[in-house]
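Asker: Build me a model:
(one chain, ligands or ions: 1)
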Amino acid sequence: MLPFANIAIIGIGLIGSSIAHATRATMPSARITGYDSDPAVRARVIELGFCDDVSDTAGSAVTDADLVILCVPVGVMAQVAADIADDLPDDAIISDVGSSKESVLAALTKVLAGARIIPAHPVAGTENSGPDAGFATLFHDRWCILTPPEGAEEGDIERVQAFWQKLGANVEIMDAKHHDLVLAVTSHLPHLIAYTIVGTASDLEDVTRGEVIKYSAGGFRDFTRIAASDPTMWRDVFLSNKEAVLEMLQRFSEDLSALQRAIRWDKGDELFDLFTKTRAIRRRIIEEGQDDAAPDFGRTHD
Ligand code: NAP
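Answerer: Next up is the predicted model:
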């Protein structure tokens, strides 16, 4: 039996369209209704044909839904929840895919008091956005973290878990605050560092921009992939997970100062030990199937 029969997806960018494609592929009899605030996106979704219906308003998209998934930037979750509040069926489960969870849970709980809220965060993505960017296998063997509020119905959690498992994800259940701390380390801080490095390199006056691009294979270009991620999405992530990001940034700054000291005072052993430890982390990521073992991220060199 399918966990849900009528799924409404609000916000049809990379994640929304990937959920639609993956649902089509794994639960073909489920009905998918989409809505996006951008009329050009709605027109494109009709052209691409991965939704059964595309609504003109958020409210009309959810009237028959048994699962509603908000796939919009974190900063507009509260607004979208208010837009659907009057039309959300009592027995529907409302979920989202936001990259930070405590603020989204608070916003949804406030606007949709009494609703069956089971937030989720699929830890999968690319640097692309929009309805053309999605694909059915995005969630395969990736983690999806559910952060249900205290008192959520066990049956509701199980249905959302079954849904994500059908899409190919492994599911973990976590407290929203803990999620935000973990993701601050594994996702938000790396994005902040990439944005900084790419920004600094493009501002350097005694090295030309042409040279930065020409010699980017030295490591720079791998940061540019992350730094090409959607500006709206990431602005909202940093502002909504401020506390955890600032805490991690403080730790990072201290560790960076320690490295600075090690270089200044020729502490080669310290540098070597750290780089040996970090290499082992890369190996573990590959062993656990979270990345490919091919050298240079699988780029071909012929
Ligand atoms: P995206 O490709 O930019 O798609 C978001 C879509 O939502 C856009 O089409 C946007 O339209 C639309 N939208 C904005 N405001 C709206 C509103 N008020 N009502 C309805 N639609 C609205 O972004 P995404 O990468 O799919 O990210 C969506 C969510 O997934 C975010 O919360 C993000 O934190 C989370 N997430 C992203 C990733 C990732 O790697 N990208 C991974 C996991 C989770 P406009 O273009 O007109 O603004």
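Asker: C-alpha from now on. contacts and neighbour counts both.
Answerer: Will do.
Asker: Distance of residue 278 relative to residue 226?
Answerer: Per Cα to Cα, to the nearest Å, residue 278 is found 19 Å from residue 226.
Asker: Who has more neighbours out of those two?
Answerer: Neighbour count, other Cα atoms under 10 Å: between residue 278 and residue 226, residue 226 has more, with 19 against 10.
Asker: tell me the contacts of that one?
Answerer: Residues in contact with residue 226 (Cα atoms under 8 Å, 6 or more residues apart in numbering) are 127, 191, 194-195.
Asker: hmm, try it at 10 Å
Answerer: Contact analysis of residue 226 by Cα atoms under 10 Å, 6 or more residues apart in numbering lists 126-127, 187, 190-195, 198.
Asker: From these, list the ones also adjacent to the ligand.
Answerer: residue 126 (Cα under 6 Å from any ligand atom).
Asker: out of the contacts of residue 226, which one sits closest to the ligand?
Answerer: Of all the contacts of residue 226, the ligand sits closest to residue 126, with 4.9 Å by Cα to the nearest ligand atom.
Asker: Helix, strand or coil: sort out residue 161 for me.
Answerer: helix (DSSP: H, G, I helix; E, B strand; the rest coil).
Asker: wait, what's in contact with it?
Answerer: Residue 161 makes contact with 3, 118, 120, 144-146, 155, 169-173, according to Cα under 10 Å, 6+ apart.
Asker: Secondary structure element holding the spatially most central residue of the chain?
Answerer: Centroid-nearest residue in the chain, with Cα atoms, centre = their mean: residue 99, separated by 4.7 Å. Element membership for residue 99, per DSSP states H and E: none, as it lies in no helix or strand.
Asker: Could you do the one 4 residues further on as well?
Answerer: Taking DSSP H and E as the criterion, residue 103 maps to helix 102-111.
Asker: buried set for the one helix or strand residue 81 maps to?
Answerer: When elements are assigned from DSSP H and E, residue 81 belongs to helix 77-84. Across helix 77-84, burial judged by 16 or more other Cα atoms under 10 Å covers 77-78, 80-84.
Asker: Using PDB, write down the CA coordinates of the helix ranked longest in the chain.
Answerer: Of all segments of type helix in the chain, defined using DSSP state H, the longest is helix 242-264. Output in PDB follows, covering the C-alpha atoms of helix 242-264 (Å, rounded to 0.1, in the frame of the first residue of the first chain):
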ATOM      1  CA  LYS A 242      22.200  31.800  12.900                       C
ATOM      2  CA  GLU A 243      23.000  30.400  16.400                       C
ATOM      3  CA  ALA A 244      24.500  27.100  15.300                       C
ATOM      4  CA  VAL A 245      26.400  28.600  12.300                       C
ATOM      5  CA  LEU A 246      28.000  31.300  14.500                       C
ATOM      6  CA  GLU A 247      29.000  28.700  17.100                       C
ATOM      7  CA  MET A 248      30.600  26.500  14.400                       C
ATOM      8  CA  LEU A 249      32.300  29.500  12.900                       C
ATOM      9  CA  GLN A 250      33.800  30.400  16.200                       C
ATOM     10  CA  ARG A 251      35.300  26.900  16.500                       C
ATOM     11  CA  PHE A 252      36.500  27.100  12.900                       C
ATOM     12  CA  SER A 253      38.200  30.400  13.400                       C
ATOM     13  CA  GLU A 254      40.000  29.000  16.400                       C
ATOM     14  CA  ASP A 255      41.200  26.000  14.400                       C
ATOM     15  CA  LEU A 256      42.300  28.300  11.600                       C
ATOM     16  CA  SER A 257      44.300  30.400  14.000                       C
ATOM     17  CA  ALA A 258      46.000  27.200  15.300                       C
ATOM     18  CA  LEU A 259      46.900  26.300  11.700                       C
ATOM     19  CA  GLN A 260      48.300  29.800  11.100                       C
ATOM     20  CA  ARG A 261      50.500  29.400  14.200                       C
ATOM     21  CA  ALA A 262      51.700  25.900  13.000                       C
ATOM     22  CA  ILE A 263      52.700  27.300   9.700                       C
ATOM     23  CA  ARG A 264      54.400  30.400  11.200                       C
END
